[in-house]
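Peer 1: How does the following fold in three dimensions:
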Amino acid sequence: MSFLGVYGIGIGVGALSTCLLLIMQLFVRPSIFFGGAVLWLLVLFALHAFLARTIGRGRDLFFLSLATALSILGLTTLIEWQALQWFLALMGGAALGVIYLPGAGMPTAPHVQKIFRRFFTMLWVFDTYALLTFLFAMNLFFPSVRFWTLDIGIGFLASGSAFMIWRLYYVLPVRRGILWIILLTLLMVELGWVMQVLPFGYLASGLLLTWLWYILQLLVRFHFAPQDILWRRQWKFLTANAVLYFITLVFFVRWV
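Peer 2: The predicted model follows:
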């Protein structure tokens, strides 16, 4: 089979995603933006339905593609620098193209699975940052919206993304992870509330909260491993992150 035949779906999704994003950025009109966004999401949904029926592709990668599309749309509405918008369009299209490559989510060689797993994990981290940042921006731009409604969204988005990451590494049904999902949701709601009262911009708030979320979900992921959390190995990692977090707060984050 030709290269295009094997990788055609991934290439097509990537090219279509990039083209739609560029059109929405070049022609800044509400009708074009919302029309392009709806068309993009409908294509992803239809493609998922087709692949689920033909090759039995699971829902996890559809959730990842949906989160990636929404995160790119959210970030492009916040960023005014056109060069960065174009970069996000190219990177977003490339990321969605990788999600639909033949080996993604299907039984393949262990080293190939490892590459996809790491890529999808980092893509979930990026999506979480982008979506949390968008919610913090909503709180700034629409003060009439009660933050507790956005904060609940922060909790569910963070715990949902964490659950999707855990499922990349373990066979994890919802009933086994529900307790940790609930705990992480509540904790992220509390941390989100604390973050929004601190004098940070929405980009910094999203980064700082995502940083804490990543460490929390990582520890829970290690807990699901047969050897559980090996604290004697993790204390250096936690200490280094605490130091870097403090340095970021003091020297790099703008207090407004």
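
Peer 1: Could you list the buried residues of the host helix or strand of Leu61?
Peer 2: Assigned by DSSP states H and E, Leu61 falls within helix 60-78. By neighbour count on 16 or more other CB atoms under 10 Å, the buried set for helix 60-78 is 61-76, 78. All C-beta spots, glycine's among them, are computed from the backbone N, C-alpha and C.

Peer 1: Same check on stretch 207-224?
Peer 2: 207-218, 220-222, 224.

Peer 1: low-confidence ranges in the stretch 151-256 of the chain?
Peer 2: Within the stretch 151-256 of the chain, the ranges that satisfy pLDDT under 70 run 256.

Peer 1: Also the stretch 1-150 of the chain?
Peer 2: Looking at the stretch 1-150 of the chain by pLDDT under 70, you get 1-6, 103-112.

Peer 1: For stretch 57-72, what is the distance to the chain centroid?
Peer 2: With CA atoms, centre = their mean, to the nearest Å as the basis, stretch 57-72 stands 9 Å off its chain's centre.

Peer 1: Show residues contacting it.
Peer 2: The contact list for stretch 57-72 (CB atoms under 8 Å, 6 or more residues apart in numbering) reads 13, 17, 21, 40-41, 44-45, 48, 51-52, 88-89, 92, 95-96, 99-100, 104-106, 120, 123-124, 126-127, 129-131, 134, 160-161, 164, 167-168.

Peer 1: How are the helices of the stretch 101-250 of the chain distributed by residue range?
Peer 2: 110-141, 147-169, 174-197, 202-224, 231-247 (DSSP state H, counting those that start in this stretch).

Peer 1: The fourth one versus helix 174-197: what angle between them?
Peer 2: Taking axes from the mean of the first three to the mean of the last three CA atoms, to 10 degrees, helix 202-224 and helix 174-197 form an angle of 150 degrees between their directions.

Peer 1: Please name every helix or strand in contact with helix 202-224.
Peer 2: Applying 3 or more CB pairs under 8 Å, 6 or more residues apart in numbering; DSSP states H and E, one finds that helix 202-224 makes contact with helix 110-141, helix 147-169, helix 174-197, helix 231-247.

Peer 1: what angle separates the second one from helix 202-224?
Peer 2: Put simply, helix 147-169 runs at 40 degrees to helix 202-224, going by the same axes, to 10 degrees.

Peer 1: tell me which residues in the helix or strand where Ala89 lies are buried?
Peer 2: Following DSSP H and E, one finds Ala89 within helix 82-99. For helix 82-99, the neighbour count (16+ other CB under 10 Å) marks 85-86, 88-89, 92-93, 95-99 as buried.

Peer 1: and it, what other elements does it pack with?
Peer 2: helix 3-26, helix 60-78, helix 110-141.

Peer 1: of all the helices and strands packed on helix 202-224, which lies closest to Arg29?
Peer 2: helix 110-141 (19.2 Å; CB to CB).

Peer 1: Also compute the angle for the closest one relative to helix 174-197, please.
Peer 2: Using the same axes, to 10 degrees, helix 110-141 lies at 40 degrees relative to helix 174-197.
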